[in-house]
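J.: Pasted the sequence and its predicted model underneath.
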Amino acid sequence: MRSRDSYAEPFRIKMIEPIRQKDRKSRDLLIDKAHYNVFNLKAEDVYIDLLTDSGTNAMSANQWAGMMLGDESYAGCANFYHLQDAILDIIGYKYVVPTHQGRAAENILMSMFVGEKQTVLGNMHFDTTEGHIRLRKAEPLNLIIDEGIMPDTNHPFKGNINLVKLEKELKKRGPEQMPLLIMTVTSNSNGGQPVSMENMREASALAKKYGRPLIIDCARFAENCYFIKQRDEAYRDKSIREIARELFSYADGCTMSSKKDALVNIGGFLAFKDNEEWYEKAVQIQICYEGFRTYGGLAGRDLEALARGLYEGTEEDYLEDRIGQVSYLGQKLIEAGVPIMKPIGGHGVFVDGKSFLPHIPQAHLPAQALVVELYREAGIRTIELGTCAFGYVDPETGQEVYPTQDLVRLAVPRRAYTDRHMDIVVRAFEKIAARKDRICGLEITYQAEILRHFTARYKLL
Ligand code: F0G
């Protein structure tokens, strides 16, 4: 990777969207009114929004031009065929089921394959994936390598699945109990960490050996491919698109939240390599929940932006700048002494809440306390991916089950902010660090049964 100061953004800015920073007193009032849950804040009250990199991308002139060519026919719109061609070209899969976003594709997939008391294997499922598995009274099982959850260990592919554990599980129970293997690339929940080509190849061989479909959750596949190119000697001279084609060749299908690497604001799809029977089954569910097979909950113009975004998202100079900006933020935070997940991931920097605020026990939600403090300090919105997002109350014991990690994710929207915004974020951390002993923890006062962090309410302790 070239050093960040040897190149500039591979685009110039044609249109701007004003953002303003509220004063400190207003921010304190607003976060209190929001029950200390940043999902309840109005976006206009946020200065730098790092809540998510999902759907927050800036589209290009080419994508906006494509929006004007939206064919809004109910059936058979031209833009669907453009998308189908783009997916066949970049991913190599023939059967495409558009959906309004990624979780809708997950809903269709789980409806097809998953039933009560089953277990769905994966390297590390994202929270909506887990939600869809649990909704079917099934269990998600994460088999990420041990290094994957060690924040300080430097491993180039921390998204890898533990192949020994995977084979053990596949041997233990048959397809009627374990219907599916899902590989999430990059692995969002432990820091946007990539899966290596070798790991995908071997996971694929095991899935074949034991007769289970392998599905890739490919929300951030382009970023994953960029890391493969950077970190695996064997792929240094291959193009991102060649790497992508090989990666997808090992699986039977994919679900995609296009709001990430396809550089759009809404959209998703489910695609299958060659299984027509699965495709027809998926379409039945798609028609009930999403819409007819050629639009699946999206307008023709959205399908066009998505088709074009898949090409732009796999361009090398775009990816260099994208990953370069996230890395810039991460490096500056390391220099400021902030404990972050290493190596720095693809779509954001993940801060270890427990070690940044060691005086707050996990039961008092250190990562969420840091989320609140970042808003108070500078109007920066981030997200907790730890105890609130992944912990849950065991229905049998009534006890809280804690995840190992308690992280704050600073997700960087694509093409939306400059490095100067990143500098403001670093400065906010420095100020918080100087007074961190006085920061107190939180307690949940309201929670939903599934995906509780979206709607939870908290009080300060
Ligand atoms: N899979 C992964 C790996 C994701 O990161 C997400 C969404 C989804 C599936 C679901 O897609 O939002 O389009 O329905 N992640 C967002 C995030 C919400 O902030 O990381 P969706």
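T.: That came through fine.
J.: going forward, measure contacts between C-alpha atoms and count neighbours the same way
T.: Noted.
J.: ranges for the helices of the stretch 301-450 of the chain?
T.: 316-335, 353-356, 366-378, 387-390, 419-434 (DSSP state H, counting those that start in this stretch).
J.: ok, residues contacting the second one?
T.: Among residues not part of helix 353-356, those counted as contacts by Cα atoms under 8 Å, 6 or more residues apart in numbering are 338, 339, 360, 361, 362, 366, 367, 368, 370, 406, 407, 408.
J.: and of the helices of the stretch 301-450 of the chain, who's closest to residue 210?
T.: helix 387-390 (29.6 Å; Cα to Cα).
J.: Report whether the closest one contacts the ligand.
T.: No - contact of helix 387-390 with the ligand (Cα under 6 Å from any ligand atom) is absent, the minimum separation being 11.4 Å.
J.: In contact with the spatially most central residue of the chain, which residues are there?
T.: Centroid-nearest residue in the chain, with Cα atoms, centre = their mean: residue 188, separated by 4.5 Å. The contact partners of residue 188, taken as Cα under 8 Å, 6+ apart, are residue 126.
J.: likewise residue 243?
T.: 225, 228, 229, 235.
J.: Make sure the first one is indeed in a strand.
T.: No - judged by DSSP: H, G, I helix; E, B strand; the rest coil, residue 225 forms no part of a strand; its state is helix.
J.: Could you tell me how many residues sit around it?
T.: Applying other Cα atoms under 10 Å, we find 29 other residues in the vicinity of residue 225.
J.: By mean pLDDT, flag the weakest helix or strand of the protein.
T.: strand 392-393 (a mean of 85; mean pLDDT, DSSP states H and E).
J.: Contacts for that one, please.
T.: Residues contacting strand 392-393 (Cα under 8 Å, 6+ apart): 399, 400, 401, 402.
J.: filter the residues you listed by proximity to the ligand?
T.: Counting by Cα under 6 Å from any ligand atom, no member of these reaches the ligand.
J.: out of these, who has the most neighbours?
T.: residue 402 leads these on contacts (other Cα under 10 Å) with 16 neighbours.
J.: Quick one: residues contacting the nearest residue to that residue once chain neighbours are set aside.
T.: Sequence neighbours aside, residue 391 is the residue nearest to residue 402 in space, at 4.9 Å (criterion: Cα to Cα, 6 or more residues apart in numbering). When the contact criterion is Cα under 8 Å, 6+ apart, the partners of residue 391 are 400, 401, 402, 403.
J.: now the residues you listed as JSON lines including pLDDT?
T.: Listed next are the contacts of residue 391 as JSON lines, based on pLDDT from 0 to 100:
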{"residue": "400", "pLDDT": "90"}
{"residue": "401", "pLDDT": "92"}
{"residue": "402", "pLDDT": "93"}
{"residue": "403", "pLDDT": "89"}
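J.: Just the ones in strands from those, please.
T.: 400, 401 (DSSP state E).
J.: between the contacts of residue 391, which is closest to residue 180?
T.: residue 403 (23.2 Å).
J.: List the residues that contact that closest one.
T.: By Cα under 8 Å, 6+ apart, residue 403 lies in contact with 386, 387, 390, 391.
J.: Alongside the ligand, which residues does this structure contribute?
T.: Of all the residues in the chain, those lying near the ligand are 52, 54, 101-103, 126, 128, 184, 188, 217, 219, 257, 259, going by Cα under 6 Å from any ligand atom.
J.: helix/strand/coil for residue 54?
T.: Going by three-state DSSP: residue 54 is coil.
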